[in-house]
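>>> Okay, sequence plus prediction incoming.
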Amino acid sequence: MKFGKKLKHQIQETLPEWQDKFLSYKDLKKLVRIISSAPVSLRLRGLSNSGKAQEEFVCLLDMEMDKFNAFFMEQEEDFIIRHKELQQRIQKVIDTWGPNGSQPSETDYREEMEKIRKEIVNFHGEMVLLENYSNINYTGLAKILKKYDKRTGGLLRLPFIQKVLQQPFFTTDLVSKLVKECANTIAAVFPAVVEEGIREEKENREPIMVAGRSIFRNTVAALLTMQETRRGSSTYSHFSLPPLNFPDSDIIQSFQLSSPIPIL
């Protein structure tokens, strides 16, 4: 399956509500076809439609990068706020209804913690999906630039990718830190959350949902995609994302998903 179709399929597997925030790969590919269809002699002299298409291609690349940055930074800011609020809510429940709280109540404690448990699992999943968003869009940019250089004889890939590496949407360190902190909170405060999440999905009992789809299943799809796009291989180069290895776990093995986007 070609990358454009794989990209569309993976968007549906993760979070289709973000569809217009992903790379416009089809439009960029169309411009590459127009540019490469003109004779080299005319293309170099600017005497064909390819000259205008080339300007549009570069302009669209810049616009797409701005789109990624705006969306990513908006999500990142929201995640920072939500992470702090969840930590404060957990502490408030402990201080109020916990064994040593001001109003100890096992019933109230369990009810409130269950609400927070579902929210924090959703939150963790959304952050993983944003990391996947960054990976997929970088991969798409690298592929379309490779196609451009190969078909037109241009040398746009290296300088543009160097610019991409400095962009906010590519710099996922903060989100990765929040994901780890969230996972640590789940392990410390809700140690049975993973097993319960798997059981809920298998038994179809009250699965955790976002926009009508299971965030748990979407997160697994995103993890598999990231594992595939960032794995080491014989075709690994300085344009590839660094390898990312996930340990085998019941989470990933619980669902049979379509194969993720490969980097060729």
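Right, received. Where do you want to start? Because the structure is a prediction, the values reported are computed rather than measured.

>>> Can you list the low-confidence ranges for the stretch 101-250 of the chain?
Low-confidence segments of the stretch 101-250 of the chain (pLDDT under 70): 191-250.

>>> could you show me where the strands are in it, in order?
Per DSSP state E, counting those that start in this stretch, the stretch 101-250 of the chain carries strands over the ranges 209-210, 213-214.

>>> mind listing the helices for the stretch 1-150 of the chain?
Under the criterion DSSP state H, counting those that start in this stretch, the stretch 1-150 of the chain contains helices at 3-14, 25-37, 40-44, 50-97, 106-152.

>>> by contact count, what packs against the first one?
Spelled out, that is helix 3-14. Applying 3 or more C-beta pairs under 8 Å, 6 or more residues apart in numbering; DSSP states H and E, one finds that helix 3-14 contacts helix 25-37, helix 106-152, helix 215-229. (Glycine included, C-beta is placed from N, CA and C.)

>>> Could you dump the helices of the stretch 1-150 of the chain into a markdown table with mean neighbour count and distance to Cys182 added?
Shown next, in a markdown table, are the helices of the stretch 1-150 of the chain (neighbours: other C-beta atoms under 10 Å; distance: least, C-beta to C-beta, whole Å):
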| stretch | mean neighbour count | distance to Cys182 |
| --- | --- | --- |
| helix 3-14 | 18 | 18 |
| helix 25-37 | 18 | 31 |
| helix 40-44 | 14 | 51 |
| helix 50-97 | 16 | 7 |
| helix 106-152 | 20 | 4 |
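
>>> Let me have the helices and strands packed on helix 3-14 in JSON lines, extended by distance to Ala188.
Listed next are the helices and strands packed on helix 3-14 as JSON lines, based on distance: least, C-beta to C-beta, whole Å:
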{"stretch": "helix 25-37", "distance to Ala188": "41"}
{"stretch": "helix 106-152", "distance to Ala188": "11"}
{"stretch": "helix 215-229", "distance to Ala188": "20"}
